[in-house]
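[1] give me a 3D structure for the following:
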Amino acid sequence: MKRSVVLFVLLFTWASGQSQDKVFKTYEQYVNNTGKEIGKLISGFEGYNKIKLVFEDLAGGRLHYSAREIWGFTYEGHLYRSTGTQFGMLQDSGTICCYVNAVGILSVTGEYGVNWSDYLVSVGGMDGKLYGLTAANGLRKDLPALIKDHPELEEFYACVKKKYQELVPRCVKLYNQSH
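    Model prediction:
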């Protein structure tokens, strides 16, 4: 059901032909498409490991948002979700949702924070808790917590443990296709 709602919102946004990029303070705003409309992204990165988004508003002014104050936003046809310290761009949705680290995408300088996860996953829909997965130094940041919280995902864990971080989206896709 959630996947259908999300697909509807994204298709509606695309089909309307108007600037429908929005910032959402909550998941409920996202589902109901009632966020604050935004214009062009002016800045998406500010300093070492500090994210601050600056958008044009529709009246020509500027809107400032930190990662801590919003649930997410849509921009140029993509959904971005906040962890409170970083953003992930939705790559795949289903039982497990996969988000790619969006810091490099949003950065006007191309800089990338070293303490951010490469991929984020949520279980049970887009509003689920986000877990950071990375292969830096052979460690996967939140994998132990993900396993503890969702032991039913053994097939996904087996895939992630065997593969390098670049294949996390592939493991999500394989899991979602088989469930």
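[2] what about Ala34, how many residues close to it?
    You called it Ala, but residue 34 is Thr. Using other CB atoms under 10 Å, Thr34 has 12 other residues around it. (Each C-beta comes from the backbone N, C-alpha and C, glycine too.)
[3] number of residues surrounding Val100?
    Residues near Val100, counting by other CB under 10 Å: 19.
[4] any weak-confidence spans in the protein?
    Segments of the chain classed as low confidence (criterion: pLDDT under 70) are 1-19, 45-50, 104, 107-117, 135-141, 163-166.
[5] and stretch 86-94, which residues are buried?
    86-93 (16 or more other CB atoms under 10 Å).
[6] okay if I get these as TSV plus distance to Asn176 and secondary structure?
    Shown next, in TSV, are those (distance: CB to CB, whole Å; DSSP: H, G, I helix; E, B strand; the rest coil):
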residue	distance to Asn176	secondary structure
Gln86	23	coil
Phe87	22	strand
Gly88	16	strand
Met89	17	strand
Leu90	13	strand
Gln91	11	strand
Asp92	6	strand
Ser93	8	coil
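[7] how about TSV for those, with distance to Phe24 added?
    Output for the buried residues of stretch 86-94, formatted as TSV (distance: CB to CB, whole Å):
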residue	distance to Phe24
Gln86	17
Phe87	12
Gly88	14
Met89	15
Leu90	13
Gln91	19
Asp92	20
Ser93	16
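[8] so which of those residues is the closest to Gln20?
    Of all the buried residues of stretch 86-94, Leu90 has the smallest distance to Gln20: 15.9 Å, by CB to CB.
[9] on the three-state scheme, the nearest residue to the closest one once chain neighbours are set aside is what?
    Closest residue to Leu90 apart from its sequence neighbours, by CB to CB, 6 or more residues apart in numbering: Leu79 at 4.3 Å. With DSSP: H, G, I helix; E, B strand; the rest coil as the basis, Leu79 sits in strand.
[10] my guess is Leu79 contacts Asp92. True?
    No: with contacts counted by CB atoms under 8 Å, Leu79 stays clear of Asp92, the gap being 11.4 Å.
[11] give the residues shared as contacts by those two.
    Residues touching both Leu79 and Asp92 (CB atoms under 8 Å, 6 or more residues apart in numbering): there are none.
[12] specify the beta-bridge partners of the residue nearest the centre of the chain.
    With distances taken as CA atoms, centre = their mean, the residue of the chain nearest its centroid is Gly88 (2.9 Å). Assessed by DSSP bridges, Gly88 has beta-bridge partners Arg81, Asn101.
[13] noted, bye for now.
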